[in-house]
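Trainee: Fold the following and give me the result.
(2 chains)
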Amino acid sequence: MAIHLGMKSTAALATALAGALALGGCSGDDDDRERVDAVEAAALGAVDGVLHEIAETVGLEFGSGNHFFNTCGESYAPRGVKHRAILNFELVTELPQEDVVDTTVDLLQRDGWETETISATVPIVIGTKDENTLRLEIGGLVVAGIGSDCVETSNDVAREYDEVADADIEWK
Amino acid sequence: MTVITIPAHVPAFRRMESTPARALTFATNLRAVTVGVKDVQGWAEGLAAPEWQGDTEQAHDHATTRFAVRLDTVEAALDRAVTAADRFEARLTVLHSLRAPIDEERRSLNADAATLRSEIAAAGEDAMDPVQLTAFKERGERLLARASAVNDDIVDWVTRYLDAEADFIAALGRVDTLAEGAVAADDPGRVDVDALTDRFNQLAGDPAALAAWWGRLSRAQRQAVITEHPRLVGNTGGVPAADRDQANRATIYSDVDYYGQRDEDGQLTGAEKRAHENARHVRDSVNEYRSQVDPLTGRELLHVLVYDPDIHSGDGAVAISFGDPDTADHVSVNIPGLTTEASSTSGNLATTLALHEAALDEGNGTVASVYWLDYDAPSGNPLNPWEVGDFGGVAFVGKAEEGGERFSDFIDGLRASDDGDRAHLTAIGHSYGSTTLGHALEDGLDADDAIVIGSPGQPVATADELTDAEVWVGSRDHDPVTLLGSGERGGIGALGHDPAEDDFGGRRFETGDGSLRIEDLIDNHTSYFEGDSLDNMAHIVADRDAEVSHQPERGDAGGEYLTLDELLAVSSGASAGEFLWERGKDGVELVGDVGGWLLENSRFGGIL
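Mentor: Next up, the predicted model:
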């Protein structure tokens, strides 16, 4: 069933919004890239910093990790960029689970993260710092995710980052 | 003298060098090879002789027959290897799940023993009174019993682990020569895959019957059907999610290899080129989450439940779950909206993961979160005036109706393969996907909760007419798409009724209204998987309805809103105002004139 009534309206809506997005996309692409890169650097800095400290203190052995970018919105309006790093570890420790959680929380707080602990199927520790949220699910394996809020960018910049292939994380 | 016995420190025990995730990768690669070999073998068997005659014809037949027979030998060997790999992965998954609680008990026991030791030392042997001594002794005895139990568990676990590795190595060793492959091929007990396929096809429209039949098959039978017909198994409702995942992963890798080879040879057709792109996009999207494992089972969290790279006008189909929907307590399935295709899987998985984690964080049981795109979502860029004709396709309800039927079938499949207690299932539709969901609900979709977000319309006027499920509505007043549905204050109504209206009878949850600037209006439509909106959806998915915060329905007290033409006019004015505000006081006066002019003109049809 074709609804002809809607065609004129959707066309007008589309034109108005396309114009609006064109207005919205005029900010500097270099500034956008700088902000996205800063969020990525902060996440990878957390991997090299507090995550290493947690691993050494509680006894986590690195398994694998990678990181990548996604757009925030839809393909027609990507809106911005989110960065995500995912790592997994084997728990190789003599600490009881409760101490693993407490120590993790303590180390995150000392590094300036606001924390929350959730008692779910496995304990979950969530830390928030600036644009990044670090999430640790602590079972026999420990899964760490560092995800950013949406960094608003022009659509071109968002698509540019979306095309970047995901990369392995080197654990040094 | 009374002796207090405390157990010795229980040392760490064997770690898993072989992990479920690595076994899955190995098995996936092996299946992809097997699928490729079976494709070639099928081709060789059906190879007709060219129009040759006499000796040449006989020579051709002889050669192709020998080729097909040799491939059959390889196929028989690979079937056994795949079955062994599947069994190994399953055993490792169980062993991984068992290991964590044993190790936790070991660590806890050691800590408790250390505490007792220090308390005894602090009390001092000479100063200890009889009551304290008895208490220490009893604690020591309890610790000894725990130590005995945990040591038994460790011995049992290590034995099972070593057995699993040894069995796997032995199984592979039995099919690592051509002669052994020939023995496997001639085995009278070899799986009759044709008979199984016939039965599979007979049951394919009845997910419950298929699930029951599939559950009675041996591992070797299941694996033979998976590698013979991975596309069929991967996309058929009633097959367990783990098996669909195996089949689809094998197809993805086989497709990427096949199309890649044809691409190198310069033989790709236009349709194949799109299928190749879709296959690569899905493979890359799945790979992005390779490190995201289940902390309990050690298995990759992703399950590929649907994969077809060349369906739906070339857009492709895909459904991917974070977590296993067959075993989860709570399952959500979300349908995306217009312009979505297999190549946009990556971004949609990110939003699905956001909901998955938020629902897990509710702490109310296990969760699986499915992204489902197996319908022909309208194409074209709605923001490109030159593609408005395609966007007009949104005004056709046909794709939503067809999509709704496919979605119902998918959910019936999930219900049939559900293992254990019936899962609490929430269906979610965004934008045009909400209309698709509406049609599925109208046809009797088997969901407990339904969430429509950014909806341009529902097929019927009330939630009661739509479904027995609880209907939740996320609708920002400054999301223009939500103003398309018909309601008391107008609305185009091309796709149906506005579910945010009070009369509709849904439960509207808090999403906020979104920014009024015209350049943000589409952002208001594309950001429901964030902030309060995401939190509320997580409450619903995890069945914690009492936590959901309410936003007044449109037309109810506090639910005043702008119509679409008013919104466009006012938001244009607001953006112009902001622009001018930055440029001084004169700009503020001008914005009122601009906004007023736009509002008046739009009211009288100047814009819409």
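
Trainee: for the residue nearest the centre of chain A, phi and psi?
Mentor: Chain A has residue A:147 as the residue nearest its centroid, 1.7 Å off, counting by CA atoms, centre = their mean. Dihedral pair for residue A:147: phi -120, psi 140, per degrees, to the nearest 10.

Trainee: Next, the contact list for it, please.
Mentor: Each residue near residue A:147 by CB atoms under 8 Å, 6 or more residues apart in numbering or on different chains is listed here: A:82-85, A:132-133, A:135, B:354. From N, CA and C alone the C-beta is placed, and that goes for glycine too.

Trainee: Any idea which helix or strand in chain A has the lowest mean pLDDT?
Mentor: Sorting the helices and strands of chain A by mean pLDDT, DSSP states H and E puts helix A:5-24 at the bottom, at a mean of 52.

Trainee: Which SSE is immediately downstream of it?
Mentor: helix A:29-46 (DSSP states H and E).

Trainee: what about that following helix, average pLDDT?
Mentor: For helix A:29-46, mean pLDDT rounds to 96.

Trainee: same deal with stretch B:276-289?
Mentor: Per-residue scores along stretch B:276-289 average to 95.

Trainee: does chain A sit close to it?
Mentor: Yes: against chain A, stretch B:276-289 shows contacts by CB under 8 Å from any CB of the partner chain at B:284, B:287-289.

Trainee: So which of the residues you listed are in helices?
Mentor: B:284, B:287-288 (DSSP state H).

Trainee: Just put those in CSV and tack on neighbour count.
Mentor: CSV is the format used below for those (neighbours: other CB atoms under 10 Å in any protein chain shown):
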residue, neighbour count
B:284, 15
B:287, 15
B:288, 23
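
Trainee: Name the residues linked to the residue lying closest to residue B:474 once chain neighbours are set aside by a beta bridge.
Mentor: Spatially, and ignoring its direct neighbours in sequence, residue B:474 is nearest to residue B:453 (3.9 Å; CB to CB, 6 or more residues apart in numbering or on different chains). Residues in a beta bridge with residue B:453, per DSSP bridges, are residue B:430, residue B:474.

Trainee: which ones are touching residue B:453?
Mentor: Residue B:453 neighbours (CB under 8 Å, 6+ apart): B:428-431, B:434, B:473-475, B:511, B:528, B:533, B:537.

Trainee: How about residue 120, nearest residue that isn't a chain neighbour?
Mentor: Went with chain A since none was named. In space, residue A:120 is closest to residue B:363, 4.4 Å off (CB to CB, 6+ apart).

Trainee: looking at chain B here, not the other one
Mentor: residue B:136 (5.7 Å).

Trainee: The one you found and residue B:118 touch, don't they?
Mentor: No: Residue B:136 lies out of contact with residue B:118 (CB atoms under 8 Å); the separation is 11.6 Å.

Trainee: So for the two, which residue has more residues nearby?
Mentor: residue B:136 (18 against 10; other CB atoms under 10 Å in any protein chain shown).

Trainee: so how far is residue B:26 from the more buried one?
Mentor: Note on residue B:136: its distance to residue B:26, by CB to CB, to the nearest Å, is 51 Å.

Trainee: Please apply the same query to residue B:262.
Mentor: As judged by CB to CB, residue B:262 and residue B:26 stand 27 Å apart.

Trainee: Going by residue numbers, what spans are strands in chain A?
Mentor: Secondary structure of chain A by DSSP state E: the strands cover A:60-71, A:80-91, A:114-119, A:123-129, A:132-138, A:141-148, A:151-152, A:167-168.

Trainee: can you put those strands in JSON lines and add mean pLDDT?
Mentor: Output for the strands of chain A, formatted as JSON lines (pLDDT from 0 to 100):
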{"stretch": "strand A:60-71", "mean pLDDT": "96"}
{"stretch": "strand A:80-91", "mean pLDDT": "96"}
{"stretch": "strand A:114-119", "mean pLDDT": "96"}
{"stretch": "strand A:123-129", "mean pLDDT": "97"}
{"stretch": "strand A:132-138", "mean pLDDT": "97"}
{"stretch": "strand A:141-148", "mean pLDDT": "97"}
{"stretch": "strand A:151-152", "mean pLDDT": "94"}
{"stretch": "strand A:167-168", "mean pLDDT": "97"}
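
Trainee: and of the ones you listed, who's closest to residue B:573?
Mentor: With CB to CB as the criterion, residue B:573 lies closest to strand A:151-152 of the strands of chain A, at 22.4 Å.

Trainee: Now find how far off-centre the closest one is within its chain.
Mentor: The chain centre lies 12 Å from the centre of strand A:151-152; the measure is CA atoms, centre = their mean, to the nearest Å.

Trainee: cool, and stretch B:230-237?
Mentor: So, by CA atoms, centre = their mean, the centroid of stretch B:230-237 is 15 Å from its chain's centroid.

Trainee: Kindly report the same for stretch B:355-369.
Mentor: Its chain's C-alpha centre and that of stretch B:355-369 lie 13 Å apart, by CA atoms, centre = their mean.

Trainee: Report the buried residues of it.
Mentor: Residues B:355-362, B:364-369 are the ones in stretch B:355-369 that count as buried (16 or more other CB atoms under 10 Å in any protein chain shown).

Trainee: average pLDDT across it?
Mentor: Rounded mean pLDDT across stretch B:355-369 is 97.

Trainee: circling back: which one of the contacts of residue A:147 sits closest to residue B:67?
Mentor: Proximity of the contacts of residue A:147 to residue B:67 (CB to CB) peaks at residue A:84, which lies at 47.6 Å.

Trainee: Any idea how many residues pack against the closest one?
Mentor: 23.

Trainee: same thing with residue A:160?
Mentor: Neighbours around residue A:160, by other CB under 10 Å: 18.

Trainee: so who does it touch?
Mentor: Under the criterion of CB under 8 Å, 6+ apart, the contact list for residue A:160 is empty.

Trainee: now for the lengthiest helix in chain B, which elements pack on it?
Mentor: When chain B is parsed with DSSP H, its longest helix is helix B:54-123. Taking 3 or more CB pairs under 8 Å, 6 or more residues apart in numbering or on different chains; DSSP states H and E as contact, the helices and strands that helix B:54-123 lies on are helix A:97-110, helix B:20-45, helix B:130-173, helix B:178-186, helix B:219-228.

Trainee: so can I have TSV of those helices showing distance to residue A:165 and mean pLDDT?
Mentor: Listed next are the helices and strands packed on helix B:54-123 as TSV, based on distance: least, CB to CB, whole Å; pLDDT from 0 to 100:
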stretch	distance to residue A:165	mean pLDDT
helix A:97-110	30	97
helix B:20-45	19	86
helix B:130-173	33	96
helix B:178-186	38	89
helix B:219-228	30	95
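
Trainee: Pick the most deeply packed of these.
Mentor: Ranked by mean neighbour count, these are led by helix B:219-228 with a mean of 22 (mean count of other CB atoms under 10 Å in any protein chain shown).

Trainee: Residues in contact with the next helix-or-strand element following that one: which ones?
Mentor: For helix B:219-228, the following helix or strand on the C-terminal side (DSSP H and E) is helix B:230-234. Residues from elsewhere that reach helix B:230-234 (CB under 8 Å, 6+ apart): B:31, B:35, B:197, B:200-201, B:204, B:225-226, B:239, B:243-245, B:247-248, B:250-251, B:254, B:304-308.

Trainee: again with stretch A:73-82
Mentor: With CB under 8 Å, 6+ apart, stretch A:73-82 has contacts from A:21, A:36, A:69-72, A:147-153, A:155, A:157-159, A:161-162, B:337, B:339-341, B:343-344, B:347, B:350, B:381-384, B:522-523, B:526-527.

Trainee: what about it, how long is it end to end?
Mentor: Terminal residues of stretch A:73-82 are spaced 10 Å apart (CA to CA, to the nearest Å).
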